[in-house]
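*Asks:* Model the structure of this input:
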Amino acid sequence: MSDVTIFAPSPTLTITVEDHPQGAEIHVHAGGQGVWQARMLRRLGVTVTMCCVLTGEVGRVLRHLLEDDEGIEVVAVERDGRGSAYVHDRRDGGRVPIAEEEGDPLGRHALDDLYGAVLHNGTDSRVIILSGPAGEEALPADIYRRLALDLSGEDRLVVADLAGERLSAVVEGHADVIKVSHEELISDGLAADSSIEALAQAMRELRTRGARTVIVTRAGESLLLLDDQGLVEVSLPRLEENEHRGAGDSLTAGVVAGLARGESARQAISLGAAAGAVNVTRHGLGTGDPDAILRLREGVAVRELDDAGSRPTSRVSPDALAALAEPAEEESS
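*Replies:* Numbers count the residues shown, from 1 in each chain. Model prediction:
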C-alpha cells in the first residue's frame, strides 16, 4: 500500500538537449504533471503508486524510467499507438521545442481499465491526486467528477490540480483540496482580475459549488488558501528563478506530503510553499533537496486575511535561505 495514489492518465517522455563543453548533452526523463508531483513526493519520503496508460514504445521506455529511475510503483494499462513525448533544445538557456506529441486519446476500454486500477489502488491510500493528461482531448472531463465522488471517504482525501472543464468536474465531485493558478481562474471567467479580493471571491464560489479547501497560486507572489476557517495568505522570499515549470506541481506534492502524514491542509500549505519555491531554483522539474525544503518551511510567512486586515505570524529565517545556496546535482526534464 502506498501513501499516495496518483491518477496520471498520460505521462510524457521528455528529451532535452543541454549545452556541454564537449558538445550536446542529451537527457531522457519521464515527465508530465503526475510524474512531477510523484517525483517531489518521493524526494519528501512519501511512497507513491502511479496509475496511468503507457502507449507504444514510448510507454515501454516510460515504465523503465518511472520504476527503475524514480522508484515509483507503476500500475499501467498498456496499449499500442502514439504516446506523449517531446524533444526540447535548451542549449541557449531557453526551451526551443523541436518536436511535441500529445499522443493518441484514450479509448473506452483503456479508460475503463484505468478507472478500475485507480479505484483498486486508491482505496488503500491516504491521499489520491487527480492530475491532468498530456493533451486536452486525451479523455473526457467527467471522469474527474466520477473519480472524486467514488474515491472520497472518511480515511481518504482527494486532491486535484486542474483547470477549465476538469476543474469544474472535480469541484462538482466535492474534492477535498483543489489547487489552481490565478491565471486559470481569470481564463475560466471565475475571477475578474488578479486582485486578492477578486480571487477570494472566486475561491468562495468554488467552495460553494463543492470544493472543501481551495489553494490559489499567484505566479511569483504569495499564494492564498481558503477553508472552513477562512482565508490565509502564504508567502516566501522571492528566489532567483531558474525554471518556473513544475513549481505548481511541487507545491501540490508538498501539500499532499503533509496531508499523507496527518496534517490539515492549512498546516501542510507551508510544506507545499517551500517545495514549490525550491523547485524554481533548479533545472529538474519536481526536484529539490528535502533538507532545504524543510528548513525553508520553517520561515514560511502566513497572514490571516479578514475584514479587519491581515495578521503576520512568521518571518523567513536566514538559515532557510542559506540552505538554498548549498550546491546540488541537477537533472533536466
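
*Asks:* CA atoms only: put stretch 142-150 into PDB for me.
*Replies:* Taking Å, rounded to 0.1, in the frame of the first residue of the first chain, the C-alpha atoms of stretch 142-150 are listed here in PDB:
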ATOM      1  CA  ASP A 142     -16.400  14.000 -16.400                       C
ATOM      2  CA  ILE A 143     -14.100  11.200 -15.400                       C
ATOM      3  CA  TYR A 144     -12.700  13.600 -12.800                       C
ATOM      4  CA  ARG A 145     -16.100  14.200 -11.200                       C
ATOM      5  CA  ARG A 146     -16.700  10.400 -11.100                       C
ATOM      6  CA  LEU A 147     -13.300   9.700  -9.500                       C
ATOM      7  CA  ALA A 148     -13.700  12.400  -6.900                       C
ATOM      8  CA  LEU A 149     -17.000  11.000  -5.900                       C
ATOM      9  CA  ASP A 150     -16.000   7.400  -5.900                       C
END
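
*Asks:* buried sites along it?
*Replies:* For stretch 142-150, a neighbour-count test (16 or more other C-beta atoms under 10 Å) marks 143-148, 150 as buried. To be clear about C-beta, it is placed using only N, CA and C from the backbone, and glycine gets the same treatment.

*Asks:* avg pLDDT for it?
*Replies:* For stretch 142-150, mean pLDDT is 97.

*Asks:* same thing with stretch 90-109?
*Replies:* Averaged over stretch 90-109, pLDDT sits at 93.

*Asks:* end-to-end on it?
*Replies:* Distance between the boundary residues of stretch 90-109 (C-alpha to C-alpha, to the nearest Å) amounts to 38 Å.

*Asks:* So for that stretch, what gets flagged as buried?
*Replies:* In stretch 90-109, counting by 16+ other C-beta under 10 Å, buried: 90, 101-106.

*Asks:* hmm, who's touching it?
*Replies:* With C-beta atoms under 8 Å, 6 or more residues apart in numbering as the test, stretch 90-109 has contacts from 9-10, 16-19, 24, 53, 55, 58, 79, 81-89, 114, 133-135, 137-139, 332.

*Asks:* let's see 7 Å
*Replies:* When contacts are defined by C-beta atoms under 7 Å, 6 or more residues apart in numbering, stretch 90-109 is touched by residues 9-10, 16-19, 24, 53, 55, 81-89, 134-135, 137-139.

*Asks:* Can you get me a residue count around the residue nearest to residue 184 when sequence neighbours are not counted?
*Replies:* What sits nearest to residue 184 in space, not counting adjacent residues and going by C-beta to C-beta, 6 or more residues apart in numbering, is residue 163, at 3.9 Å. A count of nearby residues for residue 163, using other C-beta atoms under 10 Å, gives 19.

*Asks:* Repeat that for residue 181.
*Replies:* Applying other C-beta under 10 Å, we find 17 residues neighbouring residue 181.

*Asks:* among the helices and strands of the chain, which has the poorest mean pLDDT?
*Replies:* strand 309-312 (a mean of 41; mean pLDDT, DSSP states H and E).

*Asks:* Give me the three-state assignment for residue 262.
*Replies:* With DSSP: H, G, I helix; E, B strand; the rest coil as the basis, residue 262 sits in coil.

*Asks:* contacting residues around it?
*Replies:* Residue 262 neighbours (C-beta under 7 Å, 6+ apart): none.

*Asks:* Show the pLDDT at it.
*Replies:* pLDDT, residue 262: 95.

*Asks:* now do residue 318
*Replies:* For residue 318, the pLDDT comes out at 41.

*Asks:* Check residue 172 too.
*Replies:* Value listed for residue 172 in the pLDDT field: 97.

*Asks:* Count the neighbours of the residue nearest to residue 182 when sequence neighbours are not counted for me.
*Replies:* Once flanking residues are discounted, residue 182 sits nearest to residue 218: 4.8 Å by C-beta to C-beta, 6+ apart. Residue 218 has 17 neighbours, counted by other C-beta under 10 Å.

*Asks:* that older thread, among the buried residues of stretch 142-150, which are in helices?
*Replies:* Among these, the members falling in helices (DSSP state H) are 143-148, 150.

*Asks:* Tell me who's in contact with residue 48.
*Replies:* 2, 4, 6, 38, 41-42, 72-73.

*Asks:* Could you pull up the residues touching the closest residue to it other than its chain neighbours?
*Replies:* In this structure, residue 48 finds its nearest non-sequential neighbour in residue 38, 4.6 Å apart by C-beta to C-beta, 6+ apart. Taking C-beta under 7 Å, 6+ apart as the contact definition, residue 38 lies against 6, 48, 50, 70, 72.

*Asks:* For stretch 157-170, measure first residue to last.
*Replies:* With C-alpha to C-alpha as the measure, stretch 157-170 spans 13 Å from end to end.

*Asks:* swap in stretch 15-33?
*Replies:* Using C-alpha to C-alpha, the end-to-end distance of stretch 15-33 comes out at 16 Å.

*Asks:* swap in stretch 37-51?
*Replies:* Criterion C-alpha to C-alpha; first-to-last residue distance in stretch 37-51 is 13 Å.

*Asks:* Check the offset of stretch 47-60 from the chain's centre.
*Replies:* 17 Å (C-alpha atoms, centre = their mean, to the nearest Å).
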